[in-house]
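Colleague: quick one: sequence plus predicted model below, questions after.
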Protein chains: 2
Amino acid sequence: MRISQLSAASGVPIPTIKYYLREGLLPAGEQTAATRAEYGERHLRRLRLIRALLEVGRLPIAAIRKVLSAVDDPELSMHQVLGTAHYAIAPTAEPHPGDDRWSEARDRADRMIAGLGWRVDPDAPTRDELAQAMLTLGELGMPATGEALLPYAEAAMRLVSEHEIGTIRASGTREEAVQALVVGTVVHGRVLDVMRRLAQESASAGIFGDGTGKAPAP
Amino acid sequence: MRISQLSAASGVPIPTIKYYLREGLLPAGEQTAATRAEYGERHLRRLRLIRALLEVGRLPIAAIRKVLSAVDDPELSMHQVLGTAHYAIAPTAEPHPGDDRWSEARDRADRMIAGLGWRVDPDAPTRDELAQAMLTLGELGMPATGEALLPYAEAAMRLVSEHEIGTIRASGTREEAVQALVVGTVVHGRVLDVMRRLAQESASAGIFGDGTGKAPAP
DNA sequence: ATCCATTGGCTAGCTGTACTATCCAACAGT
DNA sequence: ACTGTTGGATAGTACAGCTAGCCAATGGAT
């Protein structure tokens, strides 16, 4: 497969593929001559994975590169790949040095995680994300106690333990399993978010009138 | 309150506040003289809401402006405000003109929503987001059938119907209720996503060894 | 054997987003 | 009267994610 066919098969423009090659997201094709390289099925799959992480998962290019190099590293365990993906997903947090409200929120986040009995790396950036959300809710005058957020934790836990684990365990090769893990982390996150908004709209239509007036066109 | 106090109270730099004023995200203060304006509690709350939508919800400025003008429009019903927020959250979709795989995915998304009995506007961009996610999963060779996604739908529905509706109904004034609605849509979405990743990491630690090796530092 | 479109590799430019920086004149408080 | 802040305006910055153009070397069609 040459680059033009790769482009046609994936829907990604050639200059963009060249860009991904430059950025190290996509491994180079097999050079058959000075100005000729051959791409395979692997490149196509990789390209689709990149677009999935980019368009559905909204990950920046730099984060995608990190995730992919973890995926490609056969030394890493599943748990380590997942950790890398989680690190990459989390926004590169600006530090909150000595901010009292911040460290208090961070404490509450840590206590909540401990209270749920979850085993989470003490340095996981996800902890910071939770703290940030709790802090923000508090500043907006909304309930951000462990109790108010418990339903979210329970829903997440049930989903992961009853459904996602099974999906990953069903995978065969390491490559398949790792992809299922990464896609599961990123794309299923979007799926859940979308489902929640759909359920919200549906519930809203039932409660606050509906029918006559739709939202104004953008 | 002058602009410097508003800045100190909110943690947002003065030039950024000026920028928000220019962009119409923040209403102008009350002019007391040619070079003096007074800001109030309302401005502080609005600023916090902007930062919440920006930092936690990751909404672009243009989307925030739309959401806020819907929030401020007393003509709009709750359902309409929610619709506006949903429109603003959804990425401005690039059109897929006549793409067969796309329209097939969109059909499957529509059928899934119908099958769940949800009342969702036929033009809601959320439908496109679901279709996009299903299409992507399919291209990655992962199950994207209604059955595979049902657990997400059920979790979302349970969460919304058992928890979020109550939170919104408990609000007093329209302004409070509308804010609870918007924040609920955006920030609680992040909360759920974060919870899911935490639950995932915890489950992963339990299943795929752990302890010794952490994810490599970024 | 000879074209000429395609390819890989390179550098440079573009678009959009979210800010920052600088300037200036009009004040307000001392 | 002085000094330091404020509002308003314009211009510039930094980053992300492409996109465009060029060039010499092919390699399949004629």
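Modeller: Cool, got the structure. Numbering: from 1, shown residues only, chains lettered A, B, ... in the order given.
Colleague: so what does the lowest-mean-pLDDT helix or strand in chain A touch, helix or strand wise?
Modeller: Every helix and strand of chain A was ranked by mean pLDDT, DSSP states H and E. The lowest is helix A:165-169, at a mean of 77. In terms of contacts (3 or more C-beta pairs under 8 Å, 6 or more residues apart in numbering or on different chains; DSSP states H and E), helix A:165-169 is packed against helix A:174-207, helix B:174-207. Where you see a C-beta, it was placed from the backbone N, CA and C, and this is true even at glycine.
Colleague: let's have the ones you listed in TSV, adding mean pLDDT.
Modeller: Formatted as TSV, these follow (pLDDT from 0 to 100):
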stretch	mean pLDDT
helix A:174-207	91
helix B:174-207	91
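Colleague: out of those, which is closest to B:E104?
Modeller: With distances scored as C-beta to C-beta, the stretch of the helices and strands packed on helix A:165-169 nearest to B:E104 is helix A:174-207 (17.7 Å).
Colleague: tally of neighbours for A:R42?
Modeller: The local packing of A:R42 (other C-beta atoms under 10 Å in any protein chain shown) involves 12 other residues.
Colleague: please name the nearest non-neighbouring residue to it.
Modeller: Nearest-residue entry for A:R42: A:P27, 7.9 Å, with adjacent residues in sequence omitted and distances by C-beta to C-beta, 6 or more residues apart in numbering or on different chains.
Colleague: three-state assignment of the one you found?
Modeller: coil (DSSP: H, G, I helix; E, B strand; the rest coil).
Colleague: and it, what does it touch?
Modeller: With contacts taken as C-beta atoms under 8 Å, 6 or more residues apart in numbering or on different chains, A:P27 has the following neighbours: A:42-43, A:46.
Colleague: excluding its backbone neighbours, what's nearest the residue nearest the centre of chain A?
Modeller: The central residue of chain A, meaning the one whose C-alpha is nearest the mean C-alpha position (C-alpha atoms, centre = their mean), is A:V186 at 2.9 Å. Taking C-beta to C-beta, 6+ apart as the measure, A:V186 lies nearest to A:G57, with 3.6 Å between them; neighbours along the chain are not counted.
Colleague: the one you found and A:T173: what is the separation?
Modeller: Between A:G57 and A:T173 the computed distance is 22 Å (C-beta to C-beta, to the nearest Å).
Colleague: more crowded one of the two?
Modeller: Comparing A:G57 with A:T173 by other C-beta under 10 Å, the one with more neighbours is A:G57, at 24 against 8.
Colleague: how much space between that one and DNA strand C?
Modeller: Distance, A:G57 to DNA strand C, using C-beta to the nearest atom of the strand, to the nearest Å: 18 Å.
Colleague: just checking, that residue touches A:G189?
Modeller: Yes - look at A:G57 against A:G189 with C-beta atoms under 8 Å: they come within range, at 7.3 Å.
Colleague: pLDDT weak spots in chain A?
Modeller: Under the criterion of pLDDT under 70, the regions of chain A flagged as low confidence span A:170-171, A:209-218.
Colleague: ranges for the helices of it?
Modeller: A:3-10, A:14-23, A:41-51, A:61-72, A:78-89, A:100-115, A:125-139, A:146-159, A:165-169, A:174-207 (DSSP state H).
Colleague: quick check: the residue nearest to A:I14 when sequence neighbours are not counted vs A:R65, distance?
Modeller: Spatial nearest neighbour of A:I14, excluding adjacent residues (C-beta to C-beta, 6+ apart): A:S7 at 4.7 Å. A:S7 is 21 Å from A:R65, where distance means C-beta to C-beta.
Colleague: domain boundaries for chain A, per the record?
Modeller: A:1-56, A:60-205 (automatic domain parsing).
Colleague: any idea which of the ones you listed is most buried?
Modeller: With neighbours defined by mean count of other C-beta atoms under 10 Å in any protein chain shown, none of these is more surrounded on average than domain A:60-205, at a mean of 19.
Colleague: what about it, how long is it end to end?
Modeller: 35 Å (C-alpha to C-alpha, to the nearest Å).
Colleague: next one: A:E162 from chain B, what distance?
Modeller: A:E162 sits 7 Å away from chain B, going by C-beta to the nearest C-beta, to the nearest Å.
Colleague: before we move on, the earlier item: list the contacts for the residue nearest to A:V186?
Modeller: Counted by C-beta under 8 Å, 6+ apart, A:G57 has contacts A:89, A:186-187, A:189-190.
Colleague: ok, 7 Å please
Modeller: For A:G57, the residues meeting the contact criterion (C-beta atoms under 7 Å, 6 or more residues apart in numbering or on different chains) are A:186-187, A:190.
Colleague: sweet, I'm off.
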